[in-house]
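Chemist: Requesting a structural model of the entry that follows:
(one chain, ligands or ions: 1)
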Amino acid sequence: MERLQKVIANSGYTSRRKAEELIISGKVKVNGNTVYELGTKVSSSDLVEVEGTVINEKENSKVYYLLNKPRGVVTTTSDDKGRKTVVELIHTEKRIYPVGRLDYDTTGALILTNDGELANLLTHPKNKVEKVYIAKVRGLIGKEQLLSLSNGVYIDGRRTSKAKARIQKYDKKSNTSIVELTIHEGKNHQVRKMFQAIGYDVLKLKREKVAFLDVKGLKSGEYRYLSIKEVKKLYGENNY
Ligand code: URA
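Modeler: Now for the predicted structure:
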């Protein structure tokens, strides 16, 4: 048996002090009942929910995280060159893996889970899960180039599907453009290659959104649990 605030803090959900505040303000349930007592003891067989999210991980239970991936981390479970992996950023004993892939230098929204079914749903091309990228590119992108990106360009001998592309900002001084590109495919290095196809280099790339999940409120390297509602929505999106 362990104190509730310790169980919450150990799960990585928040600090122990914040966990105490959450308990006092009625945001924590044990086995479905709201608990206000800081000293409450729980065991591994008790179900603990914080703000609607189950935080104690039972063996075999599914876990879902949203990470704001920092630059300089590989999107795999292990790296033969000894580089840091996204999985190492998440405090869990579970064998989780990333859903899809972001390049070493790409930042932003990445789901990690041990739920293979959801991972397959989200990455299968037929399900057309939207991904929104913000790219800083060298040069000033014109209307025609935006249109090319939207209508599809050839990468590795195949045309990309319809996409949405819009300029967020031009910086004439540094000769760069910030472009928002929404795609629903996930080919290797797709965004960088799409820009290359129209003659532009990507200097910086961030994934702002996967499906309806964005990284607002998460600093670089931070993560949070998905709520049950969000997981259900991911399963339900596009009526798979
Ligand atoms: N497209 C890329 O080129 N890189 C990423 O990391 C993601 C999409």
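Chemist: tell me the contacts of the closest residue to T160 other than its chain neighbours?
Modeler: In space, and not counting its chain neighbours, T160 is closest to G152: 4.7 Å by CB to CB, 6 or more residues apart in numbering. Heads up, the C-betas are built off the backbone N, CA and C, glycines and all. Residues near G152 by CB atoms under 8 Å, 6 or more residues apart in numbering: R159, T160, S161, K162, A163.
Chemist: Buried ones among these?
Modeler: By neighbour count, with 16 or more other CB atoms under 10 Å, the contacts of G152 hold T160, A163 as buried.
Chemist: could you say what helices and strands the worst-scoring helix or strand of the chain on mean pLDDT packs with?
Modeler: Sorting the helices and strands of the chain by mean pLDDT, DSSP states H and E puts strand 53-54 at the bottom, at a mean of 84. Under the contact criterion of 3 or more CB pairs under 8 Å, 6 or more residues apart in numbering; DSSP states H and E, strand 53-54 touches no helix or strand at all.
Chemist: Show me the contact partners of that strand.
Modeler: Residues from elsewhere that reach strand 53-54 (CB under 8 Å, 6+ apart): Y13, L47, V48, S61, Y225, L226, S227, I228.
Chemist: Stretch 180-194 now?
Modeler: Against stretch 180-194 from outside (CB under 8 Å, 6+ apart): 100-101, 103, 123, 125, 128-135, 149, 153, 155-156, 160-161, 163-168, 202, 205, 208.
Chemist: Give me the subset of the residues you listed lying in strands.
Modeler: 131-135, 155, 164-168, 202, 205, 208 (DSSP state E).
Chemist: Which strand residues bridge the residue lying closest to R207 once chain neighbours are set aside?
Modeler: Leaving aside its chain neighbours, R207 sits nearest to G108 (3.6 Å; criterion: CB to CB, 6+ apart). Applying DSSP bridges to G108 gives these bridge partners: K69, R207.
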